[in-house]
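S.K.: From the sequence below, what's the structure:
(chains A and B)
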Amino acid sequence: MFSKKRTIDELLNEWMYDEELKQNIIHWQTLDAKPARFATLPDQLHPSIVKALQARGIEQLYTHQRQAFDYASTGRSFTAVTPTASGKSLCYHLPVLQKILEDKSSRAIYLFPTKALAQDQKTDLNDLIELMGEEILSYTYDGDTAPAIRQKVRKAGHIIMTNPDMLHSGILPHHTKWVSLFENLKYIVIDELHTYKGVFGSHVAHVLRRLKRICAFYGSDPIFICTSATIKNPKELAEKLTNTTHELISDSGAPVGKKTFLFYNPPIVHPTFGVRRSSILEVRDLATRLYEAGIQSIVFAKSRVRVEMLVTYLKSLTKNKIQDDSIQGYRGGYLPTERRAIEKGLRNGQIQIVVSTNALELGVDIGQLQACIMTGYPGNIASAWQQAGRAGRRQDSSLIIYVANSTALDQYVVNHPQYLLGSTPEEALINPENILILMDHLKCAAFELPFSMTDSYGEFDIQQLLEFLQEEGVVIKTSSQWYWMSDRFPAHEISLRSASQENVVIIDQSIPAGTKVIGEMDTYSAMTLLHEEAIYLHQGTQFQVEKLDWEEKKAYVREVDVDYFTDANLAVELKVLNEDKKAEYKAASVSYGDISLLAIPTIFKKIKFQSHENIGSGKIHIPPLEMHTNATWTSFELPENWSEEMLTSALTGAAYAISSFIPLYIQCDRSDLSVVPQVKAVHNNKPTLFIYDSYPGGIGLSERVYDLLVPILEKTIQHVNNCPCQTGCPSCIGAQDSLSESKHKVIKVLSILLSEMM
Amino acid sequence: MSYENKMMQLKQMLGKTVDKQSEKPMFKKPDKPEYLHRWEKAGLAIVENDFGVLFKREVEYPMDYVHGDFPLSMFFDALTKWQGTNIEHPYSIGYDEQVVFFDTETTGLKGVGTNIFLIGLLEAQSDAFVLTQYVLADPANEAAFLFESKFWQQKKTVITYNGKSFDWPQLETRWTLNQHLLPKLKTHRQIDLLHSSKRIWKNNLERMKLTQVEEEKLGFKRSGDIPGFLAPIIYTDAVKSGNPESLMKVLFHNEWDLLSLISLYIHSTNLLLEGKTDEAATTYTNIGKWFGDLKHTQQSDNVLLNVTKSFNDEEAGLAYYYLAINQKRNKQFEHAANSFEKAIPHINNREKLKAFEQLAIIYEHYDCQYDKALAYTMEGIEYISTSHFFKKEQQQKKIAEWTKRLKRIESKLQRK
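M.R.: As a prediction, the model looks like this:
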């Protein structure tokens, strides 16, 4: 057994001559190192800042950092697109610190998407301030802030580091306690801008409109500084989020180390059905090679279940060593203390392999990793680059392996490396116009300050909406103004993170006297992951859900040791409420509008590890969840001589194929948009495909689909045609039961639609 | 129609505005609400000032007016009692202070969206106590309402029930929102009788609601009172309907609250400064402990000794305990040991363990009676292991600490 330590370059040299491995590597690309580009320090930069930078060995700035400083000092809001480890924090620290040194009454808010990121940045900023030798007070303000120091933070803090949730429910509704902040607010820094998309982004857009409204009341007009990972539309996103015009900085001057990308496709094990070896097993083997070579690596997997499966597999590498924690999982649902311990273990090298969901994509500081494996395509280019950026943060050689799943999108990407390496990333969309979200925040805004009869809110004209709130009995109208008047506290009723507001708490009752909470999950996911008898995996340990108290949102679990996992089905009913846009063709139509949907969990299956065979099933007893959302749908005439059965399988296959290609155009997870076929839609009795936003009220994704339907259909047909399988496989139209004509039928359906629309 | 369906309809009405950043208009006096005269008929006077309009109700109470067990004039006796002692106490008031009893009613519990709609003030004048209640005419006339409270004018001593954490911060919030119109709010001395009640009646009263204190301690029982939590709905309804009928009941509720503050201040002063024993041992023990915490050891000793004399040993258990702590602080180790030993059979949990510990310390370090020190250490360990009061980890940690002590004393015993 050889397990000597090697560098990335040595390891790659070995792999070049490894015939077995090479067969599966579809593409091997090396991205060369890029040298740094520098600019001089600005003349007006305060001597204390210069001193601090010099202490860190910084004599010049990267070009993008200088550009950031220049924009800020001329009073322009801007968005800087910066790759991982390009010194993005100086893009905002420098202008903010400079302003505070020029005028000690100045204040700034730093907004991070999570508490953990704020904690991280605070350490970094405090180090810098200490080197400056100036008295500048920076504090984190979140749920963990001790009550004793809150007053001090509110009155004296120059820089407040917080998250949108705290701003929403802890700061804005109490703005009178923050007078010195709001009267002197010069900068609002929004880090990780690209994370503000979808429902969360739409909510945050309103939190920022409320913030600006309060600033205006106290007479301040802050400048926005945003930093973002690479997305297609950073400027547009920033402008929509902040309702402010932005300059864009997109040319990074930071150096980049040599990166090697491997595109790895698992071998075909069943040629007729086009079945490939499981990507999980391939990743297990690749990660084992990295582990044995002593290379610190991160493995990304798309779902919580996959993370746990991989951790279970990989931990067998260390099972003979006592107290060896060198392999760890990391995902949402772990408690904060667990997470902090893992982050620390990564930084100090105690942990050699971490298996994570996209939770570690964000700027959580875990130091330098050498290699990254992506189990399946993360769904969009921006995420892929974020994940890849976790390897080789500090200019060293690094290795990124993309292991394809057998899904259509994954197969497309592994066979078209240029798609990932060469093209522009997707758009990030938000929809502040979502009426449900807008009304929620209008209530909060009315609570925070009265509206006059001529006021607007953000870019919205809201007088009629206030009229509605009056009917609801929460505001009253005097001769000149609308006033909040209710004993409710609206911010507490509104959660920014998910449309369904409550989380299900997971309680471990393995030890009757020592029950404890081990995690939580949003209600929508809980329907399919925490139903009774479900196997829930946490840190590689299996738990069975013994009782699900849906009313109280509690799931009681007990530790078990079984050789299967569970997989649940969700049935969906759809109804059209309102048609906003419609394009009619001879025998088909495309529409966009509001729909209502009923999600009903039906059955779950028990699936055996390794062999993945179905070994049992059961019914799920959870009430249906109703939701109103936006959708694009397309209906067409039934081709002659088609039975309903044929149509069902053709539509199901078409839906499967289409849903795979939407993420090529719009930055969203596959689960953000759903494609559901109806053989006879309720509203017109025609075969119809619905593509809807998976969030109440919609977030603008399906509206983009309305405009992009033709290219999506084109891509889909091309891919299904080119797929090497004979009758359809998981890589194109989904697994098929029989040797039917499905593949042919799917192409037929798609071609009908496309030819109508061309 | 469901909420969602209504929303879908509203969506059609959603318009967008082009940027029209206009300058803030100069202050214009808000319109008067149309129900002005209906509220006047119900017994509220209309007051107008530079900022708008508000309502006012005034009631005069002669000095001999009795609320519960106390005539109001006893308030001045209470001041005299404080002057007669040389104790610096957070509840002592001087003759030169302008005292105002203060209580508000609000439309909610917290946040900027919560309005104060009633400010109640009760002040002593030369020959009477005068109640003044200001009522918010509507939210548009808030500056007028706040201005009239005169809290910007003169420094006063403000006496409240839970005002430190509720009424006063709320008033500050409202003031901040109107800071562009109003003169600056003054900083006043705050005396919160909820805090003193908690110190005096801890473990004696189950809840510290003012109505409960009234019934059990002040000899006052309300009839026909509206519960405080209805106040927000009643005010909102009065503004919407123009009908002030229920609103007047909120004013009476507020009036009782204020009158009870006077009685409560009188009664608390008597308990603190007079050696009477009408109340349970717990109350006087609490008072003794409070003086101790304020470092008025002499006063504390007096009160606690009085408890040990007036009540049986069981009732006086805690009093002995606190007395012991005072005595040890004053290096009267023999007395302290005696008092701890008296206390031990009648106290529990944290206090009992601390008593064992203190006895062990005294006998080990000051008295050098190692056998006694050893006995108390063992009793302590026994108590930790059998008591259900401590959490598991706490228990283990404590046992480890105590075992160290045990070993040390044992070795001292051997050397002897």
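S.K.: Please list the residues of chain B that sit near chain A.
M.R.: Remark: the part of chain B in contact with chain A comprises B:4-8, B:10-11, B:13-17, B:20, B:30-31, B:33, B:107-115, B:138-140, B:172-173, B:176-177, B:232-233, B:236, B:239-240, using C-beta under 8 Å from any C-beta of the partner chain. Where C-beta positions appear, they are placed from N, C-alpha and C, glycine not excepted.
S.K.: Mind checking which of those are in helices?
M.R.: Mapping the residues of chain B next to chain A onto helices (DSSP state H) picks out B:4-8, B:10-11, B:13, B:172-173, B:176-177, B:232-233, B:236, B:239-240.
S.K.: Drop anything exposed from those residues.
M.R.: B:4, B:7, B:8, B:10, B:11, B:173, B:176, B:177, B:232, B:236, B:239 (16 or more other C-beta atoms under 10 Å in any protein chain shown).
S.K.: Can you give me the buried ones in stretch A:506-524?
M.R.: By 16+ other C-beta under 10 Å, the buried positions in stretch A:506-524 come out as A:506, A:507, A:508, A:509, A:518, A:519, A:520, A:521, A:522, A:523, A:524.
S.K.: Tell me the confidence at the fourth one?
M.R.: On pLDDT, residue A:509 comes in at 89.
S.K.: do the same with the fifth one
M.R.: pLDDT recorded at residue A:518 is 81.
S.K.: Briefly note if the strand or helix carrying it comes near chain B.
M.R.: Using DSSP states H and E, residue A:518 maps to strand A:516-522. No - using C-beta under 8 Å from any C-beta, strand A:516-522 stays clear of chain B, with a minimum separation of 13.3 Å.
S.K.: Can you give the strand pairings for that strand, parallel or anti for each?
M.R.: strand A:503-508 (antiparallel) (DSSP bridges).
S.K.: So what touches the partner strand?
M.R.: Residues from elsewhere that reach strand A:503-508 (C-beta atoms under 8 Å, 6 or more residues apart in numbering or on different chains): A:333, A:515-523, A:526, A:530, A:536, A:538, A:543, A:548, A:553-559.
S.K.: now do 6 Å
M.R.: A:515-522, A:526, A:530, A:553-557 (C-beta atoms under 6 Å, 6 or more residues apart in numbering or on different chains).
S.K.: Please apply the same query to stretch A:228-246.
M.R.: A:77-79, A:81, A:193-194, A:196, A:205, A:208-209, A:224, A:226, A:248, A:382, A:385-386, A:424-428, A:430, A:458-459.
S.K.: And what about residue B:304, helix, strand or coil?
M.R.: helix (DSSP: H, G, I helix; E, B strand; the rest coil).
S.K.: Roughly how far does it sit from chain A?
M.R.: Counting by C-beta to the nearest C-beta, to the nearest Å, the gap from residue B:304 to chain A is 31 Å.
S.K.: Can you pull the phi and psi angles for the residue of the stretch 251-400 of chain B found nearest chain A?
M.R.: Residue of the stretch 251-400 of chain B nearest chain A, by C-beta to the nearest C-beta: residue B:392 (9.4 Å). With angles defined as degrees, to the nearest 10, residue B:392 sits at phi -50, psi -50.
S.K.: and it, what pLDDT?
M.R.: The model's pLDDT for residue B:392 equals 80.
S.K.: What strands line up against the strand or helix carrying residue A:263, and which way round?
M.R.: Here residue A:263, judged by DSSP H and E, is contained in strand A:259-264. With DSSP bridges as the test, strand A:259-264 is paired with strand A:25-31 (antiparallel), strand A:398-403 (parallel).
S.K.: can you map out the helices along the stretch 151-300 of chain A?
M.R.: A:164-166, A:179-183, A:198-218, A:234-242, A:279-292 (DSSP state H, counting those that start in this stretch).
S.K.: How about the stretch 551-700 of chain A?
M.R.: Going by DSSP H, counting those that start in this stretch, the stretch 551-700 of chain A shows helices at A:644-661.
S.K.: Give me the nearest residue to residue B:61, chain neighbours excluded.
M.R.: Once flanking residues are discounted, residue B:61 sits nearest to residue B:129: 4.4 Å by C-beta to C-beta, 6 or more residues apart in numbering or on different chains.
S.K.: so where does that neighbour fall, helix or strand?
M.R.: Per DSSP H and E: strand B:128-136 holds residue B:129.
S.K.: in that strand, what counts as buried?
M.R.: Of the residues in strand B:128-136, those buried (16+ other C-beta under 10 Å) are B:128, B:129, B:131, B:132, B:133, B:134, B:135, B:136.
S.K.: And stretch A:631-651, by the same measure?
M.R.: Judged by neighbour count (16+ other C-beta under 10 Å), stretch A:631-651 contains these buried residues: A:631, A:632, A:633, A:634, A:635, A:636, A:638, A:646, A:647, A:649, A:650, A:651.
S.K.: What lies in contact with stretch A:9-22?
M.R.: Outside stretch A:9-22, the residues that touch it by C-beta under 6 Å, 6+ apart are A:260, A:293, A:397.
S.K.: correction: stretch A:42-55
M.R.: By C-beta under 6 Å, 6+ apart, the residues outside stretch A:42-55 that reach it are A:69, A:97, A:98, A:101, A:128, A:131, A:132, A:134.
S.K.: mind checking the end-to-end distance for stretch A:234-254?
M.R.: End-to-end distance for stretch A:234-254: 19 Å, by C-alpha to C-alpha, to the nearest Å.
S.K.: Now the two most distant members of the buried ones among the ones in helices among the residues of chain B next to chain A.
M.R.: Greatest spatial distance in these: B:8 and B:176, 38.8 Å, computed using C-beta to C-beta.
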